[in-house]
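Colleague: Got a sequence here, can you build the structure:
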Amino acid sequence: MRNQLAGTGALLRLALRRDRVMMPVWTLVTTLMVVSMPGSLGSVYATAAERARAAASMNANSSMRALYGPVFDDSLGALAAWRGGVYAAVLAAAMSLIIVVRHTREEEETGRQELLSAAMVGRRAPLTAALLAALVANSCIALLVAVGLAGQGAPGAVALGLAVAATGMLFACTAAVAAQLTGSARAAKGITAAVLGAAFVLKAAGDAGTEGGRSALTWASPLGWVENVRAFAAERWWVLLLFAAAVTVQAGAAVALADRRDLGMSFLPSRPGPAEGRLGTAGALAWRLQRGSVWGWSAGFLIAGVVFGGMADGAADLVGDNDRTREIIERMGGQSGTGGQGAQGALTDAFLATMAGMFGMVAALYAVSAVLRLGGEESGGRAEPLLANAVGRLRWAGGHLAVAFGGSALILLLAGLGLGLGHGREPGAAIGATLAQLPAVWLIGALAALLYGAVPQYAAAAWAVAGGALALGWVGPALNLPQAVLNLSPFAHLPRLPGAQALDPAPLPALTALAVALTAAGLGALRRRDMIA
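Modeller: Next comes the predicted model:
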């Protein structure tokens with residue numbers, strides 16, 4: 001056993017060094033989402049009576065239960081756990097799956113693990129080091145959440161911090177199993193992300209149908225366990241044992257699978273190539289490589305659009321006469337109206353505009369992922385044989401960029417279609433609202449292309465840009481950040497549709513032109529630089 005773990009410490013230090021930027025940033029963003037909630041919610045619901053009425057309204061509204069879960073107490077701590085606990089757990093899970101896959105399957109895929117294994121590195125060391133790296137990151141989240149919310153009640157703060165961190169470790173182990181089953185890092189991330197999405201859907205369906213988090217569907221989801229820990233509301237410490245059991249089982253399965261396969265191999269066979277069709281162009285090859293991702297994102301956006309569209313009227317009903325909530329919605333989604341039936345319709349439009357903006361910010365993550373597929377092809381040695389033939393760099397890169405930008409348009413179109421169908425209104429307005437996000441999405445994708453073309457070693461910084469835009473757009477208005485800070489995101493300059501009273505189309509062509517210029521600069525830099533050996 002000791003020989004099998006030889007070199008674990010060195011690999012752990014290497015993993016922490018490689019992720020020395022990503023881990024702290026992701027940890028701080030996740031923590032900020034939770035610890036900022038008491039202050040922002042306190043400004044919305046200033047008195048205990050207001051909080052009690054709000055909690056009763058939220059629990060009676062199936063749309064809000066599906067989105068955030070039930071409220072178990074009307075204290076600021078309990079409301080913070082209700083509003084941010086599950087979403088912080090989702091962020092922790094996403095961070096953990098990236099860490100584990102990056103330091104296991106991705107290392108094998110690029111050939112670096114073979115070089116490391118030639119030294120005194122035990123068979124189980126890479127997997128163990130990756131899980132320990134995830135444990136370090138999640139432990140920091142647990143500690144920061146517990147300290148940040150201690151003023152609301154130490155037991156509840158500790159319970160929430162542990163629940164968020166435990167979710168991260170559970171999906172770290174899920175990613176570890178997926179990394180053994182599949183032959184590529186992209187497939188391992190896709191499988192784990194699909195499990196995470198299914199967990200959210202199960203929780204939302206269970207909470208929408210049953211009050212109090214009692215549904216069997218809620219208990220079938222690890223995200224449902226987070227809310228059923230009931231932080232700041234007579235904590236259920238025993239629910240954490242479910243996380244411990246799931247982590248133990250999955251970690252044991254990952255180790256067992258790793259012991260039974262050769263380095264670089266997988267249990268699920270890789271397809272040797274397309275059984276039909278032609279790959280006569282670089283663009284066709286790019287589509288073949290990325291079409292699974294495009295269809296997956298498209299299906300997810302369509303389903304999410306239907307779900308959020310169905311919540312629009314219920315969310316508007318919940319706002320009622322709360323001026324502070326109206327102000328937040330106005331900053332996030334446009335004009336919310338002032339009273340009467342017209343105000344109700346304006347609130348619904350503002351909610352739909354908020355959802356359209358959220359889809360745009362998430363679509364930016366897809367755009368970055370699709371653009372940076374170029375770096376994976378280059379570092380994995382698959383681009384060099386292709387470019388050695390009669391395929392120029394610009395044609396090769398252009399194929400992937402076409403998929404990235406065209407795929408962004410497709411998933412946003414389907415998100416708008418889902419919003420319209422879910423809300424039961426003519427989908428044209430919702431589709432226009434989501435497609436209006438495209439210039440900002442393309443701008444972030446173009447920045448990723450520029451970084452890859454000019455400084456490929458820093459191309460991963462595009463993730464920080466996309467994540468920063470998401471944080472500013474989703475959390476910034478609730479924290480009442482100055483408009484000058486919010487304007488750092490390109491999404492802040494887009495018209496807020498549907499329902500914008502004064503549509504200013506000027507930012508749309510301006511952002512699009514800037515995206516074209518950055519893309520051209522990135523392709524020019526790629527043409528001049530040396531390819532990675």
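
Colleague: so what does the helix or strand containing V86 touch, helix or strand wise?
Modeller: Element membership for V86, per DSSP states H and E: helix 76-102. Applying 3 or more CB pairs under 8 Å, 6 or more residues apart in numbering; DSSP states H and E, we find helix 76-102 packed against helix 22-35, helix 37-44, helix 48-60, helix 62-68, helix 125-148, helix 154-181, helix 185-209, helix 222-228. No exception for glycine: its C-beta is placed from N, CA and C like everyone else's.

Colleague: rerun that using 6 Å as the cut-off
Modeller: Taking 3 or more CB pairs under 6 Å, 6 or more residues apart in numbering; DSSP states H and E as contact, the helices and strands that helix 76-102 lies on are helix 22-35, helix 37-44, helix 125-148, helix 154-181, helix 185-209, helix 222-228.

Colleague: out of these, nearest to E377?
Modeller: For E377, the closest of the helices and strands packed on helix 76-102 is helix 185-209, at 11.0 Å, according to CB to CB.

Colleague: contact partners of that closest one?
Modeller: Helix 185-209 is contacted by residues 62, 65-66, 69, 93, 97, 101, 105-106, 109, 174-175, 178-179, 182, 215, 217-218, 220-224 when judged by CB atoms under 6 Å, 6 or more residues apart in numbering.

Colleague: Just the buried residues of those.
Modeller: Among the contacts of helix 185-209, those classed as buried by 16 or more other CB atoms under 10 Å are 62, 65-66, 69, 93, 97, 101, 105-106, 109, 174-175, 178-179, 182, 215, 217-218, 221-224.

Colleague: so can I have JSON lines of the helices and strands packed on helix 76-102 showing distance to A510 and mean pLDDT?
Modeller: Below are these laid out as JSON lines (distance: least, CB to CB, whole Å; pLDDT from 0 to 100):
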{"stretch": "helix 22-35", "distance to A510": "28", "mean pLDDT": "85"}
{"stretch": "helix 37-44", "distance to A510": "32", "mean pLDDT": "77"}
{"stretch": "helix 125-148", "distance to A510": "38", "mean pLDDT": "92"}
{"stretch": "helix 154-181", "distance to A510": "39", "mean pLDDT": "93"}
{"stretch": "helix 185-209", "distance to A510": "33", "mean pLDDT": "83"}
{"stretch": "helix 222-228", "distance to A510": "40", "mean pLDDT": "91"}
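
Colleague: looking at those, which is closest to E235?
Modeller: For E235, the closest of the helices and strands packed on helix 76-102 is helix 154-181, at 4.4 Å, according to CB to CB.

Colleague: Would you tell me which of the helices and strands packed on helix 76-102 gets closest to W295?
Modeller: Of these, nearest to W295 by CB to CB is helix 185-209, at 10.8 Å.

Colleague: Quick one: residues contacting A459.
Modeller: Taking CB under 6 Å, 6+ apart, we find A459 in contact with L372, G375, L451, Y452.

Colleague: Not counting its own residues, what contacts the helix or strand that comes right after the helix holding V86?
Modeller: Of the helices and strands lying after helix 76-102 in sequence (DSSP H and E), the nearest is helix 105-110. Residues from elsewhere that reach helix 105-110 (CB under 6 Å, 6+ apart): Q113, A179, A185, A188, G264, S379, G380.

Colleague: again with stretch 234-246
Modeller: Stretch 234-246 is contacted from outside by P155, A159, L162, A166, L170, W225, N228, V229, R230, using CB under 6 Å, 6+ apart.

Colleague: gap between the helix or strand W295 falls within and the chain center?
Modeller: Using DSSP H and E, W295 maps to helix 282-319. The chain centre lies 13 Å from the centre of helix 282-319; the measure is CA atoms, centre = their mean, to the nearest Å.

Colleague: Out of the contacts of helix 105-110, which comes closest to G407?
Modeller: Distance to G407 across those (CB to CB) is lowest for A185, with 19.1 Å.

Colleague: what about that closest one, how many neighbours?
Modeller: If you count neighbours by other CB atoms under 10 Å, A185 ends up with 23.

Colleague: Before I go, just wanted to say thanks for your time.
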